[in-house]
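In: sharing a model that was predicted from the sequence below.
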Amino acid sequence: EPEVTQTPSHQVTQMGQEVILRCVPISNHLYFYWYRQILGQKVEFLVSFYNNEISEKSEIFDDQFSVERPDGSNFTLKIRSTKLEDSAMYFCASSSGWNQPQHFGDGTRLSIL
Amino acid sequence: AQSVAQPEDQVNVAEGNPLTVKCTYSVSGNPYLFWYVQYPNRGLQFLLKYITGDNLVKGSYGFEAEFNKSQTSFHLKKPSALVSDSALYFCAVRDKYTDNQGGKLIFGQGTELSVKP
């Protein structure tokens, strides 16, 4: 069964540094998402992406965040200048249609020191 | 705003007994509801969804969920629990959507299910 894959599985970064989290969605999917889960808290929506542009973003997704689908297969989340509070598990998801389930990757654990 | 609530942080069940994980929702319009399961160090795995149709929805691994409009609930159930069902379970509702938005998921806080032998 096709899967969403995320790399790296764990990223440790100094505060203020840039970080890029990478995702390969399921190949025929059209909608792409990033969520995050701070330890012990609920899963929170960050951003959705469709037709090569952001379709929706949350309050969390400020100017420090950006997403890109550079080559038709990868879907990346960039945090320009990381803060301690960015430490979380980041999940990528994709779906084939707006009424179809979103399929999640195993996540990238981001630790900001 | 759309929201879901999972009133129990933890549910403990003996293996072989039926299990229920509760979820209530608050939406404007018709709800699109989902259940996901998360095993340690893994992503969320889709279990089942309710879009329309029968109120009893069957999903993966023998799970089912009952949509109850009058009680605004979407409880997850399984007739006979397995130790391997122990995991974190999330109820989610799809937010308002348009054809080009896809609709983000709004998650409950999660319920830790523990099935003991």
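Out: All right, it came through fine. Numbers count the residues shown, from 1 in each chain, chains lettered A, B, ... in the order given.
In: what kind of secondary structure is the closest residue to B:V83 other than its chain neighbours in?
Out: Counting by CB to CB, 6 or more residues apart in numbering or on different chains, B:V83 lies nearest to B:V115, which is 5.0 Å off, once chain neighbours are set aside. Where C-beta positions appear, they are placed from N, C-alpha and C, glycine not excepted. The three-state label given to B:V115 by DSSP: H, G, I helix; E, B strand; the rest coil is strand.
In: was I right about B:V115 contacting B:K78?
Out: No: B:V115 is beyond contact range of B:K78, at 9.6 Å (criterion: CB atoms under 8 Å).
In: could I get the buried residue list for stretch B:87-96?
Out: B:A87, B:L88, B:Y89, B:F90, B:C91, B:A92, B:V93, B:R94, B:D95 (16 or more other CB atoms under 10 Å in any protein chain shown).
In: OK, contacts around the fifth one?
Out: By CB atoms under 8 Å, 6 or more residues apart in numbering or on different chains, the contact set of B:C91 is B:V4, B:Q6, B:V21, B:C23, B:Y25, B:L33, B:F34, B:W35, B:F74, B:L76, B:F107, B:G108.
In: run a quick neighbour tally on the first one.
Out: A count of neighbours around B:V4, defined by other CB atoms under 10 Å in any protein chain shown, yields 24.
In: for it, which non-adjacent residue is spatially closest?
Out: According to CB to CB, 6+ apart, the nearest residue to B:V4 is B:G108 (4.3 Å).
In: any idea how far that neighbour is from A:K42?
Out: According to CB to CB, to the nearest Å, B:G108 and A:K42 sit 7 Å apart.
In: list the residues that contact both of those two?
Out: Listed as contacting both B:G108 and A:K42 by CB under 8 Å, 6+ apart are B:F90.
In: the two: which is more packed in?
Out: Between B:G108 and A:K42, B:G108 has the larger neighbour count (other CB under 10 Å), namely 25 against 16.
In: and that one, how far from A:G97?
Out: 23 Å.
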